[in-house]
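Asks: Predicted coordinates and the sequence they were generated for:
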Amino acid sequence: MRFSRSSGILLHPTSLPGPHGSGDLGAAAYHFIDWLVLAGQHLWQMLPLGPCGIGNSPYMCLSAFAGNPLLIDLQELVNRGWLDQARLGEANGFSPHRVDSSGVNPYRMTLLRFASDSFLSRQTPSEKLDFELFCDSHKNWLDDYSLFCSLNDKFDGQLWTRWDADVANRKPSSLEIAKVELQDGIQFHKFTQWCFFRQWSSLKKYANEHGVKIIGDLPMFVAHHSSDVWGNPGEFYLDSNGNPTAVAGVPPDYFSKTGQRWGNPLYRWDVIRSRKFKWWIDRFKSIFEMCDIVRIDHFRGFVACWEIPAKEETAVKGRWVEGPGEELFSALVKKLVRLPIIAEDLGYITADVAKLREDLGFPGMKVLQFAFGGGVENPFLPHNYSSNSVVYTGTHDNDTTIGWYRSSTERERDFVRRYMNVNGEEIHRDFVKLALRSVADLAILPFQDVLGLGSEHRMNLPGTTQGNWEWRFTWDMVQPHLAIDLFETTALSARCNPEKLGLPSSSTDLSNT
């Protein structure tokens with residue numbers, strides 16, 4: 001489907017300011033929405049919102065359905081009487097600039113356990129009913145998730161294939177025993193999900209009421225160590241012990257001689273097809289209940305993905321295997337009707353991938369940082385865009401624009417200056433203007449580029465395991481003129497209401513996506 005012309009900001013909630021070691025769904029999130037409105041932005045794009053697993057990556061979650069309990073606003077739990085205000089003061093030593101997961105995660109989880117115990121011992125009838133209704137309406141994934149997390153706690157975070165064999169292999173009698181033994185833990189993990197979704201629903205409602213829509217992120221693959229794989233082993237290529245026999249990645253290319261071995265288990269599309277894509281329909285239904293628009297990460301995998309034998313240490317000895325293609329999306333349309341989707345079509349994109357995206361009407365992604373490494377035919381240069389696309393100055397995997405420009409070759413910098421007729425001294429502002437003025441229906445700006453920050457503020461460096469997913473900003477970085485300047489450029493680019501600038505408005509309401 002096509003989106004009306006508008007723009008927004010890419011920022012994960014963990015990057016928000018706040019006193020408890022990490023950004024969350026609390027006051028700063030509401031204040032950020034207010035800032036978006038002031039700056040004329042109508043979209044807030046986030047990374048996946050699930051509970052992070054290995055490496056604290058939001059792309060390797062413990063569940064494709066659950067919310068991240070570390071995003072729960074602790075102050076709201078204090079306001080409800082489930083936490084003592086004094087306990088929150090223990091977070092004073094956390095950095096306002098980075099998320100120290102080794103300290104923040106146990107601190108927040110400990111407080112959530114206090115809150116859970118308090119809730120379960122003093123819940124009001126209305127709270128009890130609300131909690132029970134939530135558990136019942138989400139039981140298709142919540143029961144497995146809460147049991148998985150409780151077992152994960154019991155076995156100290158070991159991969160589920162290393163748990164006791166009977167629970168790893170989901171022997172019914174063993175699962176029933178575990179449910180009784182781990183009842184307290186199961187209730188705790190259900191409580192955290194109830195809190196997350198209560199708070200998320202409130203935040204999304206506030207955003208929508210102020211003309212801001214949420215863009216969520218759906219990774220095509222899921223983590224092996226997840227309730228999804230443990231709960232649905234027949235839908236993945238696993239051996240008799242539950243270990244993957246084939247894993248996902250990308251083949252060798254210009255950037256890597258050995259490719260990338262991601263390690264996610266591959267789907268058994270024959271089994272999934274025989275089950276009428278139920279798990280996928282449930283997954284899309286769930287994320288569309290949370291978000292207004294969904295970005296599909298690694299869209300090309302639905303056409304064909306790079307299959308790597310699990311025994312291989314690199315991605316060299318892989319092969320392309322066919323995905324479900326249009327058949328999956330036809331099944332989704334029958335159940336969901338509308339699919340407001342952005343297709344991440346970066347990397348090795350073949351004609352059949354482009355055709356599926358175009359047939360489905362999904363806009364693809366254009367990244368300005370990729371535009372200046374070739375000639376004028378480069379598809380990432382704005383003069384080559386179609387309007388049904390989404391332009392980014394950079395993504396969460398890119399350096400900031402200032403960092404990218406400083407590390408680029410002189411040839412690339414010269415191309416930038418000549419193409420844009422700029423001197424490069426404020427390259428982040430130049431890229432923002434170029435993105436907003438392009439014909440792309442949607443323009444998304446990483447908040448680091450709006451703030452004019454360097455490489456030390458990037459969110460993720462692919463291929464590395466240290467220092468990623470930690471970046472945070474503080475409100476003193478957000479100078480008052482930034483919202484005013486961004487609003488003006490956005491309005492002049494016909495992406496928000498220009499009447500506030502004293503300019504004539506078109507007959508189309510440009511604020512609606």
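Replies: Thanks, I have the structure now.
Asks: Which stretches in the stretch 1-150 of the chain count as helices?
Replies: 27-38, 74-79, 85-88, 101-122, 125-137, 139-154 (DSSP state H, counting those that start in this stretch).
Asks: and if you look at the stretch 201-350 of the chain?
Replies: Going by DSSP H, counting those that start in this stretch, the stretch 201-350 of the chain shows helices at 227-231, 269-274, 278-290, 326-336.
Asks: just checking, what packs against the last one?
Replies: Spelled out, it's helix 326-336. Helix 326-336 is packed against helix 278-290, helix 351-360, with contacts defined by 3 or more CB pairs under 8 Å, 6 or more residues apart in numbering; DSSP states H and E. For glycine as for every other residue, the C-beta is placed from the backbone atoms N, C-alpha and C.
Asks: Give me the packing partners of the first one, helices and strands only.
Replies: Helices and strands touching helix 278-290, by 3+ CB pairs under 8 Å, 6+ apart, are helix 139-154, strand 213-219, strand 293-297, helix 326-336.
Asks: Please identify the buried residues of it?
Replies: Neighbour counts over helix 278-290 (16 or more other CB atoms under 10 Å) mark 279-281, 283-284, 286-288, 290 as buried.
Asks: Pick the most deeply packed of the helices of the stretch 1-150 of the chain.
Replies: helix 139-154 (a mean of 20; mean count of other CB atoms under 10 Å).
Asks: Against residue 477, how distant is residue 279?
Replies: In this structure, residue 279 and residue 477 are 42 Å apart, going by CB to CB, to the nearest Å.
Asks: So what touches the lowest-mean-pLDDT helix or strand in the chain?
Replies: The least trusted helix or strand in the chain, going by mean pLDDT, DSSP states H and E, turns out to be helix 85-88, with a mean of 89. Identification of contacts with helix 85-88 by CB atoms under 8 Å, 6 or more residues apart in numbering yields 19-20, 74-75, 78, 111, 114.
Asks: again with stretch 369-377
Replies: For stretch 369-377, contacts defined as CB under 8 Å, 6+ apart pick out 346, 378, 380-384, 393-394, 398-399, 401, 404, 408, 412, 415-416, 419.
Asks: Stretch 156-167 now?
Replies: So stretch 156-167 is contacted by 148, 151-152, 155, 168, 173-175, 178, 224-225, 229-230, 241-243 (CB under 8 Å, 6+ apart).
Asks: One more pass at 10 Å, please.
Replies: 53-54, 147-148, 151-152, 154-155, 168-175, 177-178, 182, 224-227, 229-231, 233, 238-239, 241-244 (CB atoms under 10 Å, 6 or more residues apart in numbering).
Asks: of those, buried ones?
Replies: By 16+ other CB under 10 Å, these give 53-54, 147-148, 151-152, 154, 168-170, 178, 182, 224-227, 229-231, 233, 238, 242, 244 as buried.
Asks: Okay, strands next: where are they in the stretch 301-450 of the chain?
Replies: Applying DSSP state E, counting those that start in this stretch to the stretch 301-450 of the chain gives strands spanning 304-309, 319-322, 341-343, 364-367, 389-392, 442-446.
Asks: Mind checking the pLDDT average for the last one?
Replies: So the one you mean is strand 442-446. Taken as a whole, strand 442-446 has a mean pLDDT of 98.
Asks: what packs against that strand?
Replies: strand 6-10, strand 43-45, strand 364-367, strand 389-392, helix 427-437, helix 480-492 (3 or more CB pairs under 10 Å, 6 or more residues apart in numbering; DSSP states H and E).
Asks: just the second one next, same as before
Replies: Packed against strand 319-322 by the contact rule (3+ CB pairs under 10 Å, 6+ apart) you find strand 304-309.
Asks: what about this protein, any weak spots by pLDDT?
Replies: Within the chain, the segments meeting pLDDT under 70 span 90-92, 255, 500-513.
Asks: make it 50
Replies: 507-513 (pLDDT under 50).
Asks: before we move on, the earlier item: show me the contacts of stretch 369-377 that map onto helices.
Replies: Cross-referencing those against helices under DSSP state H gives 401, 404, 412, 415-416, 419.
Asks: are any of those buried, and which?
Replies: Buried, going by 16+ other CB under 10 Å: 401, 404, 412, 415-416, out of the ones in helices among the contacts of stretch 369-377.
Asks: which one of those is nearest residue 134?
Replies: residue 401 (41.6 Å; CB to CB).
Asks: ok, the closest one touching residue 427?
Replies: Yes: the criterion here is CB atoms under 10 Å, and residue 401 meets it with residue 427 at 5.9 Å.
Asks: Identify whichever of the helices of the stretch 1-150 of the chain lies nearest to residue 95.
Replies: Nearest to residue 95 among those is helix 101-122; the distance by CB to CB comes to 9.4 Å.
Asks: mind listing what the closest residue to residue 16 other than its chain neighbours touches?
Replies: Sequence neighbours aside, residue 23 is the residue nearest to residue 16 in space, at 2.9 Å (criterion: CB to CB, 6 or more residues apart in numbering). Going by CB under 10 Å, 6+ apart, residue 23 touches 11-17, 29, 32, 70-71, 99, 471-473.
Asks: Next: residue 8.
Replies: So residue 8 contacts 36, 39-45, 212-215, 293, 390, 442-445, 490, 495, 513 (CB under 10 Å, 6+ apart).
Asks: Spatially nearest residue to it (excluding sequence neighbours)?
Replies: residue 43 (2.5 Å).
Asks: The one you found reaches residue 212, doesn't it?
Replies: Yes: the criterion here is CB under 10 Å, and residue 43 meets it with residue 212 at 6.9 Å.
Asks: Looking at those two, which is more packed in?
Replies: residue 43 (26 against 23; other CB atoms under 10 Å).
Asks: before we move on, the earlier item: name the residues linked to the residue nearest to residue 8 by a beta bridge.
Replies: residue 8, residue 213 (DSSP bridges).
Asks: residues in contact with it?
Replies: 3, 6-10, 36, 207, 211-215, 292-293, 390, 442-445, 495, 513.
Asks: go again using 6 Å as the cut-off
Replies: Contact analysis of residue 43 by CB atoms under 6 Å, 6 or more residues apart in numbering lists 8, 213, 215.
Asks: Adding distance to residue 324, write the helices of the stretch 1-150 of the chain out as CSV.
Replies: Below are the helices of the stretch 1-150 of the chain laid out as CSV (distance: least, CB to CB, whole Å):
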stretch, distance to residue 324
helix 27-38, 36
helix 74-79, 41
helix 85-88, 47
helix 101-122, 35
helix 125-137, 28
helix 139-154, 21
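Asks: So the spatially closest residue to residue 93 that is not a sequence neighbour versus residue 63, what's the distance?
Replies: Using CB to CB, 6+ apart and skipping residues adjacent in sequence, the residue nearest residue 93 is residue 103, 7.7 Å away. Note on residue 103: its distance to residue 63, by CB to CB, is 24 Å.
Asks: Please apply the same query to residue 73.
Replies: 20 Å.
Asks: next one: residue 207
Replies: Residue 207 is 23 Å from residue 63, by CB to CB.
Asks: what does residue 45 give?
Replies: 21 Å.
Asks: Please apply the same query to residue 488.
Replies: Residue 488 is 42 Å from residue 63, by CB to CB.
Asks: Looking at those two, which one has more neighbours?
Replies: residue 63 (24 against 16).
Asks: OK, contacts around the more buried one?
Replies: Taking CB under 6 Å, 6+ apart, one finds 50, 145, 226-227 in contact with residue 63.
Asks: One more: residue 493?
Replies: Counted by CB under 6 Å, 6+ apart, residue 493 has contacts 436-437.
Asks: Repeat that for residue 54.
Replies: residue 60.
Asks: Look up how far residue 63 lies from it.
Replies: Counting by CB to CB, the gap from residue 54 to residue 63 is 14 Å.
Asks: Equivalent analysis for residue 22, please.
Replies: 19 Å.
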